[in-house]
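Asks: Below are the sequence and a predicted model for it; my questions follow.
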Amino acid sequence: MIDLRSDTVTRPTPAMRQAMAAAEVGDDVFGEDPETTLLEQEVAALLGHEAGLFTPSGSMANQLALRLLVGPGEELLADVQAHVVRAELGAAAVFSGITTRTWHSEHGRLVADAVTAIAEPNAGAYSVSTTAIAVENTHNFGGGTVQPVDEVRAVQAYAQEQDLGMHLDGARLWNAHVASGVPLAELASGFDTVSVCMSKGLGAPVGSVLVSTRERVAAARTWRKRYGGGMRQTGILAAGARYALHEQLDRLAEDHANARLLAAALDVDPATVDTNIVFAEVADPGAFVAAAAEQGVRLMQLGRTRVRLVTHLDVTRDDAERASEMLATLPR
Ligand SMILES: *Cc1c(COP(=O)(O)O)cnc(C)c1O
């Protein structure tokens, strides 16, 4: 089976397993797991922030950040297809009492005017006040879209002027970096909080890292424990994440090339394929996914007219070529 459902399906390579087995470990709730502390410091330094916090999932990293930036009864603005809005099961509302309003976009691509048009900072005693804005880079449901730096800067300038918090959901910031050549620290600058996933295309089995100021990360550490996310000998996981960072970052370019190949086979506009995610329009996604599965390729239906294909560490060039040839023969 060639599994194109998601870049979360990757399994640790033998070399990664070796690094994990060799990890020095301690109790991370006591702050005594050296490998985890190293990972947190390394990711924070790469992203140009003061401190980092290892979390079990990207959703937890996002939710810790949002609760630090937005008070109960206050408002977060996000893209209509943002992961924090569509795929975290209402966590911001359930855990933090946060209300959300969304802006529309083409393929998840940020346009600053769409954000500032709906923002309502300091709305007074009658309306809900906007207190933070979330940006997703790359944009998952938008199709792995890399955000234009000038639009990000324009939103940040507005946020600064209005004293609003800025969160970056950078689950796939690694892909944005490799595709655009923009340094990670530049992509992460101007945000109060940034989350990155180690377990997407990068290929670690588990975990995300939240970075921010020392003060915010200390608060996030307390909330992580309160949420039940205080973990013990996490060095085994952190070693996998560090291995992924050191050995499997540059190869994301191969995933991007494989995604372009798949897109061409399905007549998808290449301008909509920035990184490792392809959305194809088909008449009957359920039937298309079933037909592909019969031929050994797993895809995901996302929405009423779309299927999603995601390339990753466990999809070789040969896999991508074979999948492309087969998919091109299916009725759409
Ligand atoms: C995968 C993902 C996350 C985190 O998901 P978890 O499954 O909770 O690790 C967050 N944001 C985006 C954009 C994602 O694609």
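Replies: Received the coordinates, thanks.

Asks: Tell me how far Ser189 lies from Pro183.
Replies: 9 Å (C-beta to C-beta, to the nearest Å). C-beta here means a position set from N, CA and C on the backbone, and glycine is covered the same way.

Asks: Next: Val297.
Replies: Here the distance between Val297 and Pro183 works out to 35 Å (C-beta to C-beta).

Asks: on that earlier part again, of Ser189 and Pro183, give the one with the bigger neighbour count.
Replies: Counted by other C-beta atoms under 10 Å, Ser189 and Pro183 do not tie: Ser189 has more neighbours, with 16 against 13.

Asks: Tell me, how many residues neighbour the closest residue to that one other than its chain neighbours?
Replies: Spatially, and ignoring its direct neighbours in sequence, Ser189 is nearest to Gly48 (5.8 Å; C-beta to C-beta, 6 or more residues apart in numbering). Neighbourhood size, Gly48 [other C-beta under 10 Å]: 17.

Asks: ditto for Leu299
Replies: Neighbour number of Leu299 under other C-beta under 10 Å is 26.

Asks: tell me which parts of the stretch 101-250 of the chain are close to the ligand?
Replies: 136, 140, 169, 171, 197, 200, 208 (C-beta under 6 Å from any ligand atom).

Asks: Among those residues, which one is most surrounded by other residues?
Replies: Counting neighbours by other C-beta under 10 Å, Asp169 leads these with 31 neighbours.

Asks: List the contacts of it.
Replies: Contacts for Asp169 were tallied using C-beta atoms under 8 Å, 6 or more residues apart in numbering; they are 58, 62, 82-84, 134-137, 195.

Asks: can you confirm it is in a helix?
Replies: No: applying DSSP: H, G, I helix; E, B strand; the rest coil, one finds Asp169 to be strand, outside a helix.

Asks: Relative to Asp33, how far out is it?
Replies: 26 Å.

Asks: where do the strands sit along the protein?
Replies: 2-3, 51-55, 75-79, 99-103, 130-136, 165-170, 193-197, 208-212, 277-281, 297-298, 300-301, 306-310 (DSSP state E).

Asks: what's the neighbour count on the residue in the chain positioned nearest to the ligand?
Replies: In the chain, the residue that lies nearest the ligand is Gly58 (2.3 Å; C-beta to the nearest ligand atom). Applying other C-beta under 10 Å, we find 27 residues neighbouring Gly58.

Asks: Then His177?
Replies: 23.

Asks: now it: how far from Thr10?
Replies: His177 is 18 Å from Thr10, by C-beta to C-beta.

Asks: Also Asn140?
Replies: Taken as C-beta to C-beta, the span from Asn140 to Thr10 is 16 Å.

Asks: if I pick Pro285, what's in contact with it?
Replies: Contact analysis of Pro285 by C-beta under 8 Å, 6+ apart lists 301-307.
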